[in-house]
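Undergrad: sequence below, structure please.
(one chain, ligands or ions: 2)
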Amino acid sequence: MSNQEIVLQAAGVSKSYSDAGRDVEVLKDLDFALHKGEQLAIIGSSGSGKSTLLNILGGLDKPTKGNVIINGHDLHAGSEAKRAKVRNETLGFVYQFHHLLPEFTALENASMPLLMREQSIAEVNEQAKAVLESVGLGERLDHKPAQLSGGERQRVAIARALIGKPAVVLMDEPTGNLDRTTAQSVQELIDNLNQEYDIAFALVTHDPELAHKTGRVLELIDGKLIEKG
Ligand code: ADP
Ligand code: MG
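TA: Ligands and ions are numbered 1, 2, ... in the order given. Okay, the predicted model is just below:
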């Protein structure tokens, strides 16, 4: 894997929060590389900084120090508009809670990332339909989030993360809010998509079974990532 092209690289990333006038350093001069098509898990105890790290890798939050390079673009340099464009073109993000828009259908929710691009509505609809079919939701296109099960909502969120054909998908506890059987089916889906599309996946998880399946596991301890093999 290490001779593969690097799609996401973090160098010297630190993040401090100030808490009651005191600086708390959550990430400490951390380095990280994700290769093309790689699937890895980030584990760590609650409060160790996993979400903070993923948000920085995904451009949702800024590091106090250091940088993140994705597909050759420095994510945290330049304007907000530039960052939004790089994120839109290279990254997909899946949260523990699906963050779907309740008043929109599965098809519309999955389409969102493409609406920033210059594409016809017919093209967007066609791609959204195809990606929802690939996550097993071809029969649920017109359902709104409230009409879907927990696992189905998370599949729509995954479809939304994939539709823009990103190089990297970041997932923060994607199965953390699901029962065991549903979590397993979402886990199989992630596996299949990783193999089918050659997209790199980095996922944060509490689930030892999910972590074990990914092949490469990193543990966030004391602000640093430790390779677990
Ligand atoms: P994890 O996802 O591993 O549970 P987080 O990244 O959410 O951990 O949080 C890591 C630490 O940073 C925690 O101690 C948390 O309280 C603190 N933290 C996270 N976000 C903020 C914030 N916006 N302001 C202050 N402290 C924060
Ligand atoms: Mg978290």
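
Undergrad: quick check: buried residues in the helix ranked longest in the chain?
TA: Secondary structure of the chain per DSSP state H: the longest helix is helix 180-197. By neighbour count with 16 or more other Cβ atoms under 10 Å, helix 180-197 contains the buried residues Thr182, Ala183, Gln184, Val186, Gln187, Leu189, Ile190, Leu193, Asn194. For glycine as for every other residue, the C-beta is placed from the backbone atoms N, C-alpha and C.

Undergrad: stretch 116-129 too?
TA: Val124, Asn125, Gln127, Ala128, Lys129.

Undergrad: give the contact list for the closest residue to ligand 2 within the chain.
TA: Nearest residue of the chain to ligand 2: Ser51, at 3.2 Å (Cβ to the ion). Going by Cβ atoms under 8 Å, 6 or more residues apart in numbering, Ser51 touches Asp172, Val204.

Undergrad: at 6 Å instead, please
TA: Asp172 (Cβ atoms under 6 Å, 6 or more residues apart in numbering).

Undergrad: now the residue nearest the centre of the chain: phi and psi?
TA: The centre of the chain sits closest to Leu170, judged by Cα atoms, centre = their mean, with a distance of 1.8 Å. Backbone torsions of Leu170, given as degrees, to the nearest 10, read phi -110, psi 130.

Undergrad: now Leu60
TA: phi -90, psi -20.

Undergrad: could you report the neighbour count for it?
TA: Neighbour count of Leu60, defined by other Cβ atoms under 10 Å: 17.

Undergrad: what does Arg22 give?
TA: Arg22: 8 neighbours (other Cβ under 10 Å).

Undergrad: distance of it relative to Gln147?
TA: 47 Å (Cβ to Cβ, to the nearest Å).

Undergrad: over to Leu34?
TA: 35 Å.

Undergrad: which of the buried residues of helix 180-197 lies closest to ligand 1?
TA: Ala183 (18.0 Å; Cβ to the nearest ligand atom).

Undergrad: picking that back up, what is the mean pLDDT for the longest helix of the chain?
TA: For helix 180-197, mean pLDDT is 81.
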